[in-house]
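>>> The following comprises the amino acid sequence and a computationally predicted model.
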Amino acid sequence: MYEFARQQGHDHDRYHDDDDDHHHGPADHHHDRAANAAHHRSAHHDDHHAGDIAAVDVLHASPESHLHTPMLSDGTPVNPKTFGKTSAPGLPMWDRLTRVTAAVLMAAALCGFLASPATADSAPASGRITPSSPRIGTGPVAPSGPGYWLLGNDGGIFTYGAANFYGSMGGQALFRPTVCMASMVNGRGYWLVGSDGGIFTYGAASFYGSTGGKALAKPVVGMASTPDGGGYWLVASDGGIFSFGDASFYGSTGGMALTKPVVGMTTTASGNGYWLAAQDGGVFTFGDATFEGSLAATPHNASVAGIAGIGRPGGCQGTVVPTDLPVPGAGGPLGEGQWTPAARFVGPTPAVYTTTLRPYPGGSPAGIAWTDMSRADLKLYAGPPSQPAGHFAASGQVAGSDRSRLLAAFNSGFQVTGSGGGFYSEGQMPVPLRTGAASLVIYNNGKAQIGMWGRDVGLSPDVASVRQNLNLLVDGGRPAADLSIPAWGAVIYGIASTWRSGIGTDRYGNLIYVGGPNLLPSDLAHLLLVAGAVEAMELDINPQWVTLSTYATAPGQANPAVVTGQNLIGGMYFGPDRFITSSERDFLATLAG
């Protein structure tokens, strides 16, 4: 539940986990880095990020440079008279730019075209008419008349109505995708922000600082500007707030244990407070922002993507990431338990994240893939000619019509006739479904549910496919009572510790796949539980059959259906081509929703 608490004169909408009897409150403090208020604009950030940023004073350039001279985030000055004068902006300077985490450019440093969709011939090379990337954010109405900007995750800007074009990063190499934008109230400029907190300024919008080039605990997902345009806030997916210029710090959720990540922010009309919104509909208030309600305790079908206050520009949907996993002591692989984006983006952000985790100290790392099923669909493919028998439209390989949306593909369960369960898809049931079996159910809308057949799930007109395999390995957040070796499939040469895989869903319906070597059934159940599964089932086992591959558009290809893939971890017997060429075993694929 969410509840009010009065702290230090500010209202805070504090999160209380229903599964925990302890209240989690923010531990935020102001960090003034301005030595002289008359010459420096202060910036604040919360303690949650303080340990990740080595030097607070380098969050933006000196007052002289940031007010008069465009600079890269490493302090390199950019000459606005010469930068970007050619069709390949910057040339030698651009070589430098691609090696900098976030390039902060003043508007004069880029082409100053004024264009709209009606003047396609004069549009810059960012592709303002035919977008090369998803549109992920908007700016508010311009004061000279109705209008707005759309932002692509490649930094491209699309203008409509009275909104003027002041420049973009479209067509340029970005270290991280742009995730949000904010505009000046007078419509004479705008800021773009990347997921690393790098800031790009255009028109009359000034640069006041950024987190570009700094190690952040979580990616930036949104921003908002102050009413006078003299500063801005950045918000990370853990609710950490970074304030620059005349934007004041009023608090954050940095350091709190959130059930779901923060996806956006919006400010009050006065600029003396702000709201943060979480993916589950939770709302957190700071400063003079008042709590008016939330969706946190209300069932709803889709994830919350953003928030907007009356009379104020809203936040943007940002990167949704799962919580990093606890590791079983030292000695594990680099990045163990830390989620990394994988596969192509869905809209502005990744929908698939992967990591590795050992089941116990000294154990072999298994691969784990997490998929945000609010933005992805699941599809079952049959394996011709006999897995199972019959003729299925979805069979043998990911269809060409699906490849432009392909995120990942992975093995299914045992051979159907030896799975202890049945198979249903496309209206056909070649092997009867068994009551009590662990069942992966895919609905017509592409969403998935795992449960016991006849208790949790059953056949209905809404069901597209069902794949059963043995019994539930995890049920209600608890491992199966019988984790003996014989109960979970025949192994090669009697070696119980072998390659195993499993699939689970968390409390929000997100999909969790685990696959790796040297696993006992109890190890697989443990890893699924640690990754957040509340219902899970074992899939195929033994070295030849455990494979998950993620996919993205092949380098240099404009056609998103031409894909390249990467296996979840090394040692998997088949490569990514298996699922896009020919698979004699049935398999599953996640597709961008």
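Thanks, I have the structure now. What you are looking at is a predicted structure, and each value in this text was computed from that prediction instead of being measured.
>>> Measure how far stretch 341-356 is from the centre of its chain, please.
Taking C-alpha atoms, centre = their mean, to the nearest Å, one finds stretch 341-356 lying 6 Å from the centre of the chain it belongs to.
>>> what do you get for stretch 266-286?
Centroid separation between stretch 266-286 and its chain, computed with C-alpha atoms, centre = their mean, is 20 Å.
>>> One more: stretch 231-242?
Relative to its chain's centre, stretch 231-242 lies at 16 Å (C-alpha atoms, centre = their mean).
>>> shift numbering so it begins at 552
From this message on, residue numbering opens at 552, which makes the last subject stretch 782-793.
>>> Mind exporting the C-alpha coordinates of it to CSV?
Listed next in CSV are the C-alpha coordinates belonging to stretch 782-793 (Å, rounded to 0.1, in the frame of the first residue of the first chain):
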residue,chain,number,x,y,z
GLY,A,782,16.9,24.1,-14.8
TYR,A,783,15.7,20.5,-15.0
TRP,A,784,15.3,17.3,-13.2
LEU,A,785,16.3,13.8,-14.3
VAL,A,786,14.7,10.7,-12.8
ALA,A,787,16.2,7.2,-12.9
SER,A,788,14.2,3.9,-12.9
ASP,A,789,14.8,3.5,-9.1
GLY,A,790,13.4,6.9,-8.5
GLY,A,791,16.7,8.6,-8.0
ILE,A,792,16.5,12.3,-8.7
PHE,A,793,19.2,14.5,-10.2
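>>> those helices in the stretch 902-1051 of the chain, which residues are they?
Using DSSP state H, counting those that start in this stretch, the helices of the stretch 902-1051 of the chain run over 951-954.
>>> Thought W700 was touching A714, still the case?
Yes. Using C-beta atoms under 8 Å, A714 makes contact with W700 at a distance of 5.1 Å. Every residue, glycine included, has its C-beta placed from N, CA and C.
>>> For A840, which non-adjacent residue is closest in space?
Ranked by C-beta to C-beta, 6 or more residues apart in numbering and with sequence neighbours excluded, the top spatial neighbour of A840 is G824, at 3.8 Å.
>>> Could you give the number of residues near that neighbour?
When neighbours are counted by other C-beta atoms under 10 Å, G824 registers 20.
>>> Tell me, what's the model's pLDDT at S613?
pLDDT recorded at S613 is 26.
>>> Got the confidence number for the residue nearest to A840?
On the pLDDT scale, G824 is placed at 95.
>>> beta partners for it?
When assigned by DSSP bridges, G824 has beta-bridge partners G838.
>>> G838 is in contact with that one, correct?
Yes. Counting by C-beta under 8 Å, G824 does reach G838; the two are 2.5 Å apart.
>>> can you pull up the bridge partners for the closest residue to F943 other than its chain neighbours?
The shortest distance from F943 to any non-neighbouring residue, by C-beta to C-beta, 6+ apart, is to A933 (4.0 Å). Beta-bridge pairing for A933 (DSSP bridges): S946.
>>> shouldn't A933 be in contact with G947?
Yes. Applying C-beta under 8 Å as the test, A933 and G947 come out as touching, 7.5 Å apart.
>>> Mind checking which of the two has more residues around it?
For A933 versus G947, neighbours defined as other C-beta under 10 Å are more numerous around A933 (28 against 20).
>>> got a list of what the more buried one touches?
Each residue near A933 by C-beta atoms under 8 Å, 6 or more residues apart in numbering is listed here: 939, 941, 943, 945-947, 976, 1137.
>>> Could you list the low-confidence segments of this structure?
Within the chain, the stretches with pLDDT under 70 are 552-696, 851-854, 862-872, 898-899.
>>> most remote residue from it's center?
The C-alpha centroid of the chain is most remote from Y1044, which lies 41.5 Å away (C-alpha atoms, centre = their mean).
>>> Tell me which stretches of the stretch 702-851 of the chain form strands.
708-712, 729-734, 740-745, 750-754, 771-776, 782-787, 792-796, 813-818, 824-829, 834-838 (DSSP state E, counting those that start in this stretch).
>>> Now render those strands as JSON lines, adding distance to P1111.
Listed next are these as JSON lines, based on distance: least, C-beta to C-beta, whole Å:
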{"stretch": "strand 708-712", "distance to P1111": "20"}
{"stretch": "strand 729-734", "distance to P1111": "19"}
{"stretch": "strand 740-745", "distance to P1111": "22"}
{"stretch": "strand 750-754", "distance to P1111": "26"}
{"stretch": "strand 771-776", "distance to P1111": "24"}
{"stretch": "strand 782-787", "distance to P1111": "29"}
{"stretch": "strand 792-796", "distance to P1111": "34"}
{"stretch": "strand 813-818", "distance to P1111": "25"}
{"stretch": "strand 824-829", "distance to P1111": "30"}
{"stretch": "strand 834-838", "distance to P1111": "36"}
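>>> For G1005, find the nearest of those.
Among those, strand 824-829 comes nearest to G1005, with 35.3 Å by C-beta to C-beta.
>>> In PDB, could you pull the C-alpha coordinates for the closest one?
In PDB, the C-alpha atoms belonging to strand 824-829 read as follows (Å, rounded to 0.1, in the frame of the first residue of the first chain):
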ATOM      1  CA  GLY A 824       7.500  19.800  -6.300                       C
ATOM      2  CA  TYR A 825       7.100  16.800  -8.400                       C
ATOM      3  CA  TRP A 826       5.300  13.400  -8.700                       C
ATOM      4  CA  LEU A 827       7.000  10.100  -9.700                       C
ATOM      5  CA  ALA A 828       5.000   7.300 -11.200                       C
ATOM      6  CA  ALA A 829       6.000   3.600 -11.000                       C
END
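>>> got the contact list for it?
Residues outside strand 824-829 that contact it (C-beta under 8 Å, 6+ apart) are 561, 775, 784, 786, 790, 792, 801, 803-804, 809-819, 834-840, 847, 855, 857-858, 860, 866.
>>> if I pick S990, what's in contact with it?
Going by C-beta under 8 Å, 6+ apart, the list of residues near S990 reads 972, 984, 1001-1004, 1007-1008, 1017-1019, 1088.
>>> Can you tell me how far the residue nearest to it when sequence neighbours are not counted is from L1024?
Leaving out its chain neighbours, the residue that sits closest to S990 by C-beta to C-beta, 6+ apart is W1004, at 4.4 Å. Per C-beta to C-beta, to the nearest Å, W1004 is found 15 Å from L1024.
>>> Same question for S746.
Taking C-beta to C-beta as the measure, S746 falls 35 Å from L1024.
>>> for G1083, same thing?
14 Å.
>>> hang on, the earlier thing: okay, W1004 and L1024: which has more neighbours?
For W1004 versus L1024, the count of surrounding residues by other C-beta under 10 Å is larger for L1024: 29 against 21.
>>> Wait, the more buried one touches A1032, no?
No. Counting by C-beta under 8 Å, L1024 does not reach A1032; the two are 10.9 Å apart.
>>> Select the longest helix from the chain.
As assigned by DSSP state H, the longest helix anywhere in the chain is helix 1072-1081.
>>> what angle do the helix or strand just after that one and helix 1072-1081 make?
Note on helix 1072-1081: by DSSP states H and E, the next helix or strand toward the C-terminus is strand 1086-1092. With axes from the mean of the first three to the mean of the last three C-alpha atoms, to 10 degrees defining the directions, strand 1086-1092 sits at 130 degrees from helix 1072-1081.
>>> Who are the packing partners of strand 1086-1092?
Strand 1086-1092 sits against strand 957-962, strand 989-994, strand 999-1003, strand 1023-1026, strand 1049-1056, helix 1072-1081, with contacts defined as 3 or more C-beta pairs under 8 Å, 6 or more residues apart in numbering; DSSP states H and E.
>>> Strand 1049-1056 and the second one, what's the angle between them?
Which is strand 989-994. Using the same axes, to 10 degrees: strand 989-994 against strand 1049-1056 is 50 degrees.
>>> Send me strand 989-994 as CSV with only the CA atoms.
Provided in CSV are the C-alpha atoms of strand 989-994 (Å, rounded to 0.1, in the frame of the first residue of the first chain):
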residue,chain,number,x,y,z
ALA,A,989,2.3,-28.0,-15.5
SER,A,990,0.9,-25.9,-18.3
LEU,A,991,2.2,-23.0,-20.2
VAL,A,992,-0.9,-21.3,-21.6
ILE,A,993,-0.7,-18.7,-24.4
TYR,A,994,-3.8,-16.6,-25.0
